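> Give me a model of this one.
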Amino acid sequence: MSTADAPPRRRRKEARPQELLDAALALFVEKGFAATRAEEVATRAGVSKGTLYLYFPSKEDLLKAVIAQCLSERIAEGAAAAAGYSGSASALLRNVLCEWWERIYASPAGAVFKLVITEVRNFPEISEFYTREVVEPAHHLLGDIVQRGIAQGEFRPVDVSAAVHSLVLPLIMVCLHKHSLGACEAGAWPLDGHTFIRQHVDLVLDGLSCRTVPADNAPPPPIET
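Modelled structure (predicted):
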């Protein structure tokens, strides 16, 4: 068969969901979830609107799929790796956080945090999904590691939930910065996200460590007023 007689090449069916998710994330971040029309996502992905609805019956389902792929699935991978780890809790926490967050920060997935924070107030269903599929599993994973460190004598007895919040919230902020101030050419506040992630994790782990503080480094007495 000659090249001229060959049938036209067709895109693999299994490739379409990924193209739709990529297009949806880009548009949701650029325009906002509410302002993005399903037709725009289909056009950006190079498929028909009917094809979009074949995979994702609603725009809400599309956003849930974006959140699941970018965040939920990666949290599950981290949980699986942590379950089989037998080393120190501090090394595990450093590996989970640095590796996970640096990959998130370097990929378009980091934009999901901006999307969720700016949109979920108007979409309770998405808020509930995000809490159930991202916040709770991530908090459970990190909380278990912190608790393991306390039980093994590596970490000081601390409020586990507060420790998890202290670890995670600045890392969410660095992703927000990348997709807000960091995306502006004029007046952007320079920030090396990868360096920040590593230094932040080291800083919090130092604070969790149960090592004895030398007397010379004891905190000063309160100032009398």
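> tell me the secondary structure for Gly87?
coil (DSSP: H, G, I helix; E, B strand; the rest coil).
> do the same with Leu169
Strictly by three-state DSSP, Leu169 counts as helix.
> roughly how far apart are it and Tyr55?
Between Leu169 and Tyr55 the computed distance is 34 Å (Cβ to Cβ, to the nearest Å). C-beta: built from backbone N, CA, C; applies to glycine.
> what's near enough to touch the residue sitting nearest the centre point of the chain?
By Cα atoms, centre = their mean, the chain has its centre lying nearest to Leu71, at 5.1 Å. Applying Cβ atoms under 8 Å, 6 or more residues apart in numbering to Leu71 gives the contacts 104, 109, 112, 133-134.
> Taking those residues together, which two end up most distant?
Pairwise distances among the contacts of Leu71 were taken by Cβ to Cβ; the largest, 15.3 Å, belongs to Ile104 and Glu133.
> Who has more neighbours out of the two?
Neighbour count, other Cβ atoms under 10 Å: between Ile104 and Glu133, Ile104 has more, with 23 against 18.
> quick check, that one in a strand?
No - going by three-state DSSP, the assignment for Ile104 is helix, not a strand.
> which residues does the nearest residue to it once chain neighbours are set aside contact?
Excluding its sequence neighbours, the residue lying closest to Ile104 (Cβ to Cβ, 6 or more residues apart in numbering) is Gly110, at 5.1 Å. When contacts are counted by Cβ under 8 Å, 6+ apart, Gly110 touches 104, 175, 178-179.
> go on, Ile145?
Counting by Cβ under 8 Å, 6+ apart, Ile145 has contacts 82, 89, 92-93, 96.
> Turn the residues you listed into TSV, including distance to Glu39 and secondary structure.
Below are the contacts of Ile145 laid out as TSV (distance: Cβ to Cβ, whole Å; DSSP: H, G, I helix; E, B strand; the rest coil):
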residue	distance to Glu39	secondary structure
Ala82	42	helix
Ala89	49	helix
Leu92	46	helix
Leu93	44	helix
Val96	40	helix
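> what number of residues lie near the nearest residue to Leu27 once chain neighbours are set aside?
Distances taken as Cβ to Cβ, 6+ apart place Thr36 nearest to Leu27, at 4.6 Å, with adjacent residues excluded. Thr36 is flanked by 21 other residues according to other Cβ under 10 Å.
> so Thr36 touches Leu25, yeah?
No - proximity of Thr36 to Leu25 does not meet the contact threshold set by Cβ atoms under 8 Å, at 10.4 Å.
> check contacts around the nearest residue to Ala68 once chain neighbours are set aside.
Leaving aside its chain neighbours, Ala68 sits nearest to Glu133 (6.2 Å; criterion: Cβ to Cβ, 6+ apart). The contact partners of Glu133, by Cβ under 8 Å, 6+ apart, come to 64, 67-68, 71-72.
> Scan the residues you listed and report the most crowded one.
Leu71 (23 neighbours).
> Could you tell me how far it is located from Ala151?
Taking Cβ to Cβ, one finds Leu71 at 28 Å from Ala151.
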